[in-house]
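Trainee: prediction below, plus the sequence it came from.
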Amino acid sequence: MDERKIRVIVAKPGLDGHDRGAKVVARALRDAGMEVIYTGLRQTPEQIVATAIQEDVDAVGLSILSGAHEHYFREVIELLKSEGAEDIIVFGGGVIPEGDVPSLKAMGVKAVFGPGTSTSEIVEWLKNAVHERRTKEHV
Amino acid sequence: MFKEEELERISKARLKYEEGVKKATQRYPERKSTFTTSGGVPVERVYTPENVKDLDYVKDLGFPGEYPYTRGVQPTMYRGRLWTMRQYAGYASADESNERYKYLLEQGQTGLSVAFDLPTQIGYDSDHPMARGEVGKVGVAIDSLEDMEILFDGIPLDRVSTSMTINAPASILLAMYIAVGEKQNIPMDKLSGTIQNDILKEYIARGTYIFPPKPSMRLITDIFEFCSKHVPKWNTISISGYHIREAGSTAVQEVAFTLADGIAYVEAAVKKGLDPDVFGRRLSFFFNSHNDFLEEIAKFRAARRLWAKIMKERFGVTNPSAQKLRFHTQTAGCTLTAQQPENNIVRVTMQALAAVLGGTQSLHTNSFDEALALPTEDSVRIALRTQQIIAYESGVTSTIDPLAGSYYLEWLTSEIERRAQEYLDKIDEMGGMLVAIERGYVQQQIQDSAYAYQKAIENEEQIVVGVNKFQIEEKGTSREILKVDPSVGEKQIARLKALKERRDNVKVKETLEEIREAARDESINLMPRILDAVKAYATLGEVCGVLREEFGEYKENIIL
């Protein structure tokens, strides 16, 4: 049974201060009934991963508008792996050129939501992704 | 502005019109039950002299260059001189940014605007662990005076005005600029330009803060004092609504929170013993130009009138130059769509036109591809050409404030002013802007607006062309995208390492200790000591490091 509420971190890695998108998404996920931990600005990948494990989350969403997305997604995914927590869903958004998406996906990023994405699309996607993850766990 | 009997005639005629509307709307209802500006101000079907009957022409509008400056801050406006076309640029290394600046100047741009990378803006050298992955990404990396010398190589600083988007470490970058001037044999009183230096909006909306509010305000007033005496042509602050709007505020909130920040700076400087009639002349502002064309024009006019009243009535300023709200405008980055990006050229044109009709002093037009990545040379050129077409072809520059007297525009100008004043009163009641920010009140207001706007898009009350209506299937584009060379970080670190080996490290240490001493003693102005340190090639990270130790760091109050 999918009793537990979906728990998700919305994080701003690095030095980028553009938090409008992250906050709007965090609020929309919360309004959709999820438990949302919003980290605030200037999180290191280490801090994000530590929070993810401590809070036992289903997913980590990274918002990056500074162009440093390759770096931060890679760091977060590698750290999750080294903690044995690679089953945590990693997704993200921001100003991320389309051409960069395939390499992010190859790295293990499950979805990248660009500008203009509706929050309901993100909510639906995350619900499905978490459902899938939990089903796998029970197999 | 109208005689009583005239208003009566209009009132009668209006009744007749409304009868007609009633019949017409019974058969063909209007598209929506209520119409509002993008910021939610209700808009009536039609405006008449009745809506502006209390307007006193001389008192409320006056003439251009005259109090309360509703119609513009100069007597001849664009008939005398066009606005400064100033495109914000800078990326990767100092060498590459230097090339872009020279290109832009050749293309007819009239002022420089420097974008710094995030480590520079937050006071970290390129070799700091927090800088990993970020060096040269959103702007140019500046670690020391050496980088600044390269950045302005071959650009005579007495012939350009330079705007630097730098806040927490503004005094350090200004000191470096002064030092580059000295090397070009240009004395600091000949330098002109702007530093953003607006820390309050960093706490509210932009995020590149370092120190807590109190020492940050002290750094700012030290700059005011130093520049009043030594760099008189420098705009010591650019009080910015731009980022507040980008964070999701309404037009009214943009005016209110920006001017509230302005009030806080003036109060801090007055408290330090500075004269607002003097430093007030060097305060400048920075606004956003968003989609709602007439609301934006009204916003600029309202901001000018309200600031003039604040300076005169609240601070007793009598010098006209210190009452004038001079401002830079940038078109709204948040309105650019990744979908059908060419449409952004049209959006930017409308926004730029609103800024010009609102009387801006300088303007940055966004490039159409900025929702995708950093702009390319071609897209930057189109953005600049957009301004040139407005300036040289549209005809709007021939007469000043040409939309004045429009019943709607004048009503809306007064309405935005009134609503902004309500916010200012509320902030005063709370104990001022610092308190309002610390409590998270301002952030909450902005976030609520941002969320409401997103919801309006999702339920299609707000149409975004190409995003929630008129979509097309977009092919995977082979569009040219500007990428920052990933080796920039390594090169920058190598340059920094070489510098640290080459410079006089004893001298560096001495100057840093002098800064520490001044940081502990508010009666010592920090600027001259920072200038000595940067001339000795102390790095930005080293100077900020000392200040971090002395001042501590700001911790964000997370509000969701």
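Mentor: Now that the structure is in, tell me what you want to look at.
Trainee: what about the closest residue to residue B:319 other than its chain neighbours, distance to chain A?
Mentor: Counting by CB to CB, 6 or more residues apart in numbering or on different chains, residue B:277 is the residue found nearest to residue B:319 once chain neighbours are left out, at 4.3 Å. Using the backbone N, CA and C atoms, a C-beta is placed for each residue, glycine as well. As judged by CB to the nearest CB, to the nearest Å, residue B:277 and chain A stand 35 Å apart.
Trainee: and if you look at residue B:51?
Mentor: 34 Å.
Trainee: got phi/psi on the residue of chain A found nearest chain B?
Mentor: Going by CB to the nearest CB, chain B is nearest to residue A:17 of chain A, at 1.9 Å. Per-residue torsions, residue A:17: phi -100, psi 0 (degrees, to the nearest 10).
Trainee: in this structure it contacts residue B:207, no?
Mentor: Yes: judged on CB atoms under 8 Å, residue A:17 makes contact with residue B:207 at a distance of 1.9 Å.
Trainee: list the residues that contact both of the two?
Mentor: By CB atoms under 8 Å, 6 or more residues apart in numbering or on different chains, residue A:17 and residue B:207 have these common neighbours: residue A:41.
Trainee: what does stretch B:466-473 contact?
Mentor: A:116, A:118, B:337, B:339, B:340, B:343, B:457, B:458, B:460, B:463.
Trainee: next, count neighbours for the fifth one.
Mentor: This points to residue B:340. Using other CB atoms under 10 Å in any protein chain shown, the number of residues around residue B:340 comes to 15.
Trainee: now it. Nearest residue, chain neighbours left out?
Mentor: That would be residue B:466: by CB to CB, 6+ apart, it lies 3.9 Å from residue B:340.
Trainee: tell me the contacts of residue B:545?
Mentor: residue B:123.
Trainee: Three-state assignment for residue B:150, please.
Mentor: Three-state assignment for residue B:150 (DSSP: H, G, I helix; E, B strand; the rest coil): helix.
Trainee: now it: closest residue in space that isn't a chain neighbour?
Mentor: Using CB to CB, 6+ apart, the closest residue to residue B:150 is residue B:94 (3.9 Å).
Trainee: now do the contacts for the one you found.
Mentor: Residue B:94 neighbours (CB under 8 Å, 6+ apart): B:140, B:141, B:142, B:147, B:148, B:150, B:151.
Trainee: and it, how far from residue A:72?
Mentor: Using CB to CB, to the nearest Å, one gets 25 Å for the distance from residue B:94 to residue A:72.
Trainee: what is the neighbour count of residue A:127?
Mentor: 16.
Trainee: could you do the one 10 residues further on as well?
Mentor: Residue A:137 is flanked by 8 other residues according to other CB under 10 Å.
Trainee: nearest residue to it in space, please, no chain neighbours.
Mentor: Here the residue nearest residue A:137, using CB to CB, 6+ apart, is residue A:87, at 7.6 Å.
Trainee: and residue A:92, helix, strand or coil?
Mentor: strand.
Trainee: bridged to it, which residues?
Mentor: residue A:62, residue A:112 (DSSP bridges).
Trainee: now the strand or helix carrying residue B:26, how far from the centre of its chain.
Mentor: Using DSSP states H and E, residue B:26 sits in helix B:4-27. In terms of CA atoms, centre = their mean, to the nearest Å, the centre of helix B:4-27 is found 43 Å from the chain centre.
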